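1. Compute the structure for the input listed below.
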Amino acid sequence: MKWGRIALYWALAVGIAIYLQWGGATSRSELELPATTTSAPLLEGPANRIDRVEITADGQQLVCERIENRWRLVEPRGLAMSNDLLDATLETLTSTPPIESISDDDVKLSDFGLDPPALVFRAWSGERELGELLLGDRNPTRTAAYAGRKGETKVYVIGLSSRYYTELLLDEVARQRGLTGQNKGSGP
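-> Coordinates of the predicted model:
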């Protein structure tokens with residue numbers, strides 16, 4: 001490389017530094033991304049206080065109750081379930097806020113797989129219902145899922161784990177009932 005070219009690169013670097021220091025952004029905050037606000041998780045927690053869960057999908061309904069710190073499948077009767085899957089789902093729904101929310105006057109829940117929903121997830125603590133969540137399609141990159149709350153038109157983007165764990169639980173029960181291949185979830 002010739003000395004003239006090196007001097008030109010140095011002059012450009014100094015010029016850019018001067019512009020950024022005095023002539024460009026007037027403050028450092030203008031160069032930083034705006035702070036994002038976090039919202040509350042979709043389901044009131046803590047997860048260990050939830051003692052009843054109903055999951056409905058593809059015509060299949062599961063009713064789970066916490067009995068002596070273990071989840072039991074109340075309906076359908078006589079089948080087993082993985083406690084870890086339900087615990088992981090509840091932990092995610094009660095501790096992780098949505099990635100983003102979409103609220104617009106023109107939001108069509110059907111565009112996100114929420115009308116009708118792919119999964120309906122209801123939770124109780126004692127006699128108090130904590131919420132009814134609607135889980136819909138996966139996002140286009142298939143790394144997250146759409147969710148909503150009953151009675152709201154706001155659509156939330158949540159991590160895929162909640163939907164995935166719930167689908168695994170439904171598949172586990174479907175296999176025991178001899179219904180394999182019926183619950184594959186909806187989505188693109």
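2. Pop the domain breakdown of the protein in here.
-> 1-35, 47-177 (automatic domain parsing).
3. so which strand or helix has the most centrally placed residue in the chain?
-> By CA atoms, centre = their mean, the chain has its centre lying nearest to I158, at 1.8 Å. Using DSSP states H and E, I158 maps to strand 155-159.
4. Likewise for E132?
-> Here E132 is assigned to strand 128-138, by DSSP H and E.
5. What of F121?
-> Here F121 is assigned to strand 119-125, by DSSP H and E.
6. picking that back up, listing partners with orientation, what would you give for the strand holding E132?
-> strand 119-125 (antiparallel), strand 144-149 (antiparallel) (DSSP bridges).
7. Can you give me every residue that contacts L134?
-> L109, L114, P117, L119, V120, F121, A147, G148, R149, K150 (CB atoms under 8 Å, 6 or more residues apart in numbering). All C-beta spots, glycine's among them, are computed from the backbone N, C-alpha and C.
8. what about 6 Å?
-> L114, P117, G148 (CB atoms under 6 Å, 6 or more residues apart in numbering).
9. Poorly predicted segments of this structure, please.
-> Along the chain, segments meeting pLDDT under 70 span 1, 20-38, 180-188.
10. Going by residue numbers, what spans are strands in it?
-> With DSSP state E, the ranges of strands along the chain come out as 52-57, 60-67, 70-75, 100-102, 119-125, 128-138, 144-149, 155-159.
11. Tell me which of those is the most buried.
-> strand 144-149 (a mean of 23; mean count of other CB atoms under 10 Å).
12. Centre of the chain to it, how far?
-> 6 Å (CA atoms, centre = their mean, to the nearest Å).
13. If I take that strand and strand 155-159, what angle do their directions form?
-> Per axes from the mean of the first three to the mean of the last three CA atoms, to 10 degrees, the angle that strand 144-149 makes with strand 155-159 is 130 degrees.
14. Tell me the spacing between L85 and L169.
-> 5 Å (CB to CB, to the nearest Å).
15. Look up which residues are beta-bridged to the closest residue to E100 other than its chain neighbours.
-> Excluding the flanking residues, the one nearest E100 by CB to CB, 6 or more residues apart in numbering is V157, at 4.8 Å. Taking DSSP bridges, one obtains E100, Y146 as the residues bridged to V157.
16. can I assume V157 is in contact with S101?
-> No - using CB atoms under 6 Å, V157 makes no contact with S101, being 7.4 Å away.
17. Show me what the closest residue to L86 other than its chain neighbours is bridged to.
-> Distance criterion CB to CB, 6+ apart; nearest residue to L86, sequence neighbours excluded, is W71 at 5.1 Å. Beta-bridge pairing for W71 (DSSP bridges): R66.
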